[in-house]
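1. here are the coordinates; sequence isn't available:
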Ligand SMILES: Nc1ncnc2c1ncn2[C@@H]1O[C@H](COP(=O)(O)OP(=O)(O)OP(=O)(O)O)[C@@H](O)[C@H]1O
């Protein structure tokens, strides 16, 4: 398989696309017009670094640090993702890609973008809304597994976000619990667009080797089987299915609880094994919903819009 040729060691994080696929929308440093055009979508006036006071560290990502910050004049709280000047070029490209995509989106289930700036030191930073409960991964580790009713709420919101993104020809490519943010109102928002892709045409080639491989769909491991092309929208749905499954059972679906992921075992299970099935006790609706997400044949997988009509989502208290 194509991916075997390219990967010889365990690394669940995969790199950005090859240069031919990258089409930066602007060079560094950003022209002022690009920065302000993206920031102007935000409801607030453009935010400058001097306006923000750091309150603490929220987390560390791939090459960057996310801070909780307070806007000195308005006292509004934001999240500030800073990628340092000495980070590798790939990380800097990721943050620019993220800024570009967030600047184009406006959905209640996509983290809201409030601005971007580059400091004289060379650090680049994105300001987004602050999500006070962190990620679904954090919640899983802190509170334990999710009930079906909670998962219906999560699924409906992530699908709202995905159906918005897909309608705007944006593929996320890294849906997983640690990229879904939550606040105390139990609003769930899609974040981390560093490896996302904007499809210029519906049938654009979609590079497979980006994102977190554990959540990748079978066709992403072997795009050659699909003529070097595959349906990236369906791949996001597969990742959502695995995410919900993990939140329900408390461990990654293809591996027994407590077992560390091993690249070769994982890839073989995803590509050659049957899709994972929920344990006894799961309802028929939930089982069916997960099956619709985890169809190995991507053309049979339900779309985000179709899944929004699935009976499992009627469990969502907001819809009862
Ligand atoms: N808007 C936000 N509100 C609250 N916490 C956030 C926000 N954005 C990020 N965080 C926290 O910061 C952590 C790091 O986020 P970041 O997006 O940089 O990286 P990541 O997705 O965890 O890692 P990677 O980029 O390597 O995939 C998150 O796991 C989360 O805990």
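-> Received the coordinates, thanks. Computed from a prediction, not measured in an experiment: that's the story for all the values here.
2. which SS class is the spatially most central residue of the chain?
-> Ranked by distance to the mean C-alpha position of the chain (CA atoms, centre = their mean), the top residue is residue 175 at 3.7 Å. Judged by DSSP: H, G, I helix; E, B strand; the rest coil, the three-state class of residue 175 is coil.
3. measure it to residue 114 for me?
-> Distance, residue 175 to residue 114, using CB to CB, to the nearest Å: 23 Å. C-beta here means a position set from N, CA and C on the backbone, and glycine is covered the same way.
4. got any ranges where the stretch 201-320 of the chain has weak pLDDT?
-> Flagging of the stretch 201-320 of the chain using pLDDT under 70 yields the residue ranges 201-211, 226-229, 261, 315-320.
5. the residue nearest to the centre of the chain touches residue 244, doesn't it?
-> No - using CB atoms under 8 Å, residue 175 is not in contact with residue 244, being 10.2 Å away.
6. and the pLDDT at the nearest residue to residue 77 once chain neighbours are set aside?
-> Leaving aside its chain neighbours, residue 77 sits nearest to residue 130 (4.6 Å; criterion: CB to CB, 6 or more residues apart in numbering). Here the pLDDT value assigned to residue 130 is 98.
7. check contacts around residue 59.
-> By CB atoms under 8 Å, 6 or more residues apart in numbering, residue 59 lies in contact with 65, 66, 134.
8. and those as TSV, adding secondary structure and pLDDT?
-> Putting those into TSV (DSSP: H, G, I helix; E, B strand; the rest coil; pLDDT from 0 to 100) gives the following:
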residue	secondary structure	pLDDT
65	strand	92
66	strand	95
134	strand	97
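9. filter those residues down to the buried ones.
-> Buried members of those, counted by 16 or more other CB atoms under 10 Å: 65, 66, 134.
10. next, the contact list for the closest residue to the second one other than its chain neighbours, please.
-> Read that as residue 66. Computed as CB to CB, 6+ apart, the closest residue to residue 66 that is not its neighbour in sequence is residue 58, at 4.4 Å. Residue 58 makes contact with 66, 67, 68, 79, 134, according to CB under 8 Å, 6+ apart.
11. the last one against residue 182, yeah?
-> Pointing back at residue 134 there. Yes - if you go by CB under 8 Å, residue 134 and residue 182 touch, sitting 6.9 Å apart.
12. same for the helix ranked longest in the chain, what does it pack against?
-> With DSSP state H setting the assignment, residue counts place helix 148-167 as the longest helix in the chain. Counting contacts by 3 or more CB pairs under 8 Å, 6 or more residues apart in numbering; DSSP states H and E, helix 148-167 is packed against strand 188-190, helix 232-249, helix 284-293, helix 304-307.
13. let me know which of those is the nearest to the ligand.
-> Each of the helices and strands packed on helix 148-167 has some distance to the ligand by CB to the nearest ligand atom; the shortest is strand 188-190, at 8.0 Å.
14. what's the average pLDDT for that closest one?
-> 98.
15. and that strand with the ligand, contact?
-> No - if you take CB under 6 Å from any ligand atom as the test, strand 188-190 misses the ligand, and the best it gets is 8.0 Å.
16. what sits up against that strand?
-> Contacts for strand 188-190 (CB under 8 Å, 6+ apart): 108-112, 129, 131, 136, 153-154, 157-158, 161-162, 165, 172, 175, 179-183.
17. now the residue sitting furthest away from the middle of the chain, nearest residue through space, not along the chain?
-> In the chain, counting by CA atoms, centre = their mean, residue 73 sits farthest out from the average C-alpha position, at 31.6 Å. Leaving aside its chain neighbours, residue 73 sits nearest to residue 51 (6.6 Å; criterion: CB to CB, 6+ apart).
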